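> Build me a model:
(one chain, ligands or ions: 2)
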Amino acid sequence: MTVKSRQKQRASMDCSENPFITPLNPPANETEEQRILRARTLQDAQRVSKEIDESMQETKRKLDRRRRGIRILLLGQSESGKSAVLKSRCQWQQYERDLTPPPLLLLPPNIDFQLAFTPNQFRKERSVWQTIIQLNLISSIKIIFNVLNGTEPDLSTDSELPLTPPQSPSSSMNNSKLRKLHLSLSPLLSMDADLNKILFSTGSSREICVPAGSRWKFKLGFRDSTTTRGSYEAESDLYHLTHAQNATRGSFIKLLEASQDDITSLWQDEDVQQALQERNLDLRATPGFFLDDVRRIAASNYQPTDSDIVRARVRTVGVEEHHLVAESIALRGSDFYITDVSGMRNTRGSWVPFFDDSQAILFLAPLTFNQMLDEDNHVNRLEDSLMLWKHICSNVLLANCNIIIFFNKMDILRRTLESGIEVRKYVPSYGDLPNNLASVTKYFKDRFKTYHRKLSPKPRSFICHETSAIDIHSTTALVVTVHDGIIRDNLERSDMI
Ligand SMILES: Nc1nc2c(ncn2[C@@H]2O[C@H](COP(=O)(O)OP(=O)(O)OP(=O)(O)O)[C@@H](O)[C@H]2O)c(=O)[nH]1
Ligand SMILES: [Mg+2]
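Ligands and ions are numbered 1, 2, ... in the order given. Just a heads-up that it's a prediction; the model follows:
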């Protein structure tokens, strides 16, 4: 047998035995109807196969794009301001509408994110924050009553009182005006617990916690009108508020509006201010503080401003990645993948899988030398940040990673120092150095820098910035700086500077 005839025989055998081709061969006595059906089946199979190919190519494109992008991990203790940094993207939208572009405008490329940046969608999302902010307001009222009742743990290291809740209620609670206010605000406080339970399943927690991703927004009635019908229905099934839930939310808003005078009266009461002072509790420095804006926030037609949204407190649970694309001329098209995590002590183990993939870490460390951790009121916040910093600097998985530290909440540090609180009382090693912003910042910067130099497995630059994440402009500058930092580091590695 010649080679040619052997090939011909193998080809015909392949065809008849190939399990993928055999079923596609026309049967011997195929009718016209059967032929049409077979052709349609074949077309359908080809379409599905093409779709799978396209989806695989799309996934590969996304992975390639991600690999080329700038991958940033936000780290820091709980309440350090990680999510606030991300939230300020709302402000960039504001710039866009004002037609005065900031130095760097970030826009998301994916559908969900883009929608968040179109004015209509953004306006809708604003309404999601309305409930969060109103619940934040109630949290502050609860703290006041806890202080008056003697059940608020003291989170200030300056306190002469034990760190556990004191047993005896404050004498202010004997004040009949405060007792009356407590009585009249009780329905609102209990309704807040109901609403928390319905919306976030966290009735007992003082803080609002949300799982990663934006799905929680649906719980607050956020609807994406442009999603396809299928996905809209899927979301509705999971998150649509029931009639009863909507009714609870409606009653809460009405009750809050009716309680404006009582809330204002409580916050302005001299005994309340004194009780807070005795507990060394600066309520204005607590996350989600809105008591100075009661009239505006308790109004039933309240619309959160951009600043309100950045100041709102929602604790992150889990891990969330945001994809942003730079639109500024200098950085046009640069992809940023920013991962936000929960900073609570018991969740920090979940950060590790993201170390490998990140090019830069933004480490947020507020210089709150006089505060204790919420989750463990025996641990000083700044000590905790330093301890965390040491772990991050010495971690071998992060040896090639740029670490940029942000001394966030500088506005709070300034206020703390201006109020006369002395650093040396909390940090004896501070000694007699001047108790002003420049000196305090330099002192702590040197400490962070020393650990960075000593513990980094390989030499790397120490990049440090003082920020206030609730300040729009500083956050915008922040992203530019991050990019600069990464470029600088790459240049340094290639000996270009
Ligand atoms: N005054 C002031 N408040 C800030 C600053 N940065 C953040 N905040 C507020 O601090 C609170 C906590 O900030 P978040 O961004 O939620 O903190 P986080 O690090 O994400 O916390 P977790 O999600 O628990 O890990 C929010 O109410 C913010 O508005 C700042 O620079 N100054
Ligand atoms: Mg967060």
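> quick one: buried residues of the host helix or strand of R61?
Element membership for R61, per DSSP states H and E: helix 32-68. With burial defined by 16 or more other C-beta atoms under 10 Å, the residues of helix 32-68 counted as buried are R38. (C-beta placed from N, C-alpha, C; glycine too.)
> Could you list the contact residues of the chain toward ligand 1?
Proximity of the chain to ligand 1, by C-beta under 6 Å from any ligand atom, involves residues 76, 78-84, 287-288, 310-313, 315-316, 342-344, 408-409, 411-412, 468-470.
> one step back: what is the helix holding R61 packed up against?
In terms of contact count using 3 or more C-beta pairs under 8 Å, 6 or more residues apart in numbering; DSSP states H and E, helix 32-68 is assigned the packing partners strand 335-341.
> So which of the residues of the chain next to ligand 1 belong to helices?
In helices, defined here by DSSP state H, the members of these are 82-84, 310-311, 411-412.
> Scan these and report the most crowded one.
For these, counting by other C-beta atoms under 10 Å, the largest number of neighbours falls to K82: 27 neighbours.
> Chain neighbours aside, what residue packs nearest to that residue?
The shortest distance from K82 to any non-neighbouring residue, by C-beta to C-beta, 6 or more residues apart in numbering, is to L74 (4.2 Å).
> The one you found against S358, yeah?
No. In this structure, L74 sits apart from S358 without contact. The criterion is C-beta atoms under 8 Å, and the distance is 9.8 Å.
> Return the distance of F444 relative to V379.
Between F444 and V379 the distance is 17 Å, computed by C-beta to C-beta, to the nearest Å.
> who's more crowded, these two?
For F444 versus V379, neighbours defined as other C-beta under 10 Å are more numerous around F444 (21 against 16).
> Quick check: S140 touching L283?
Yes. Taking C-beta under 8 Å as the definition, S140 is a contact partner of L283 at 6.1 Å.
> for the protein, what spans make up the strands?
Along the chain, the stretches classed as strands by DSSP state E are 70-75, 106-107, 209-211, 315-317, 319-326, 335-341, 360-364, 402-407, 463-466.
> What is the burial count for S358?
The number of residues packed around S358, counting by other C-beta under 10 Å, is 23.
> circling back: with mean pLDDT, mean neighbour count and distance to I263 added, can I get the strands of the chain in CSV?
Formatted as CSV, the strands of the chain follow (pLDDT from 0 to 100; neighbours: other C-beta atoms under 10 Å; distance: least, C-beta to C-beta, whole Å):
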stretch, mean pLDDT, mean neighbour count, distance to I263
strand 70-75, 89, 24, 34
strand 106-107, 36, 20, 37
strand 209-211, 58, 17, 24
strand 315-317, 84, 20, 23
strand 319-326, 76, 19, 33
strand 335-341, 85, 20, 32
strand 360-364, 91, 24, 31
strand 402-407, 89, 24, 34
strand 463-466, 86, 18, 34
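> Quick check: the gap between the closest residue in space to L75 that isn't next to it in sequence and ligand 2.
Closest residue to L75 in three dimensions, ignoring its sequence neighbours and counting by C-beta to C-beta, 6+ apart: F363, at 5.2 Å. As defined by C-beta to the ion, to the nearest Å, F363 lies at a distance of 14 Å from ligand 2.
> Domain map for the protein?
Residue ranges for the structural domains of the chain, counted by automatic domain parsing, are given in the record as 3-61, 70-105+327-493, 121-311.
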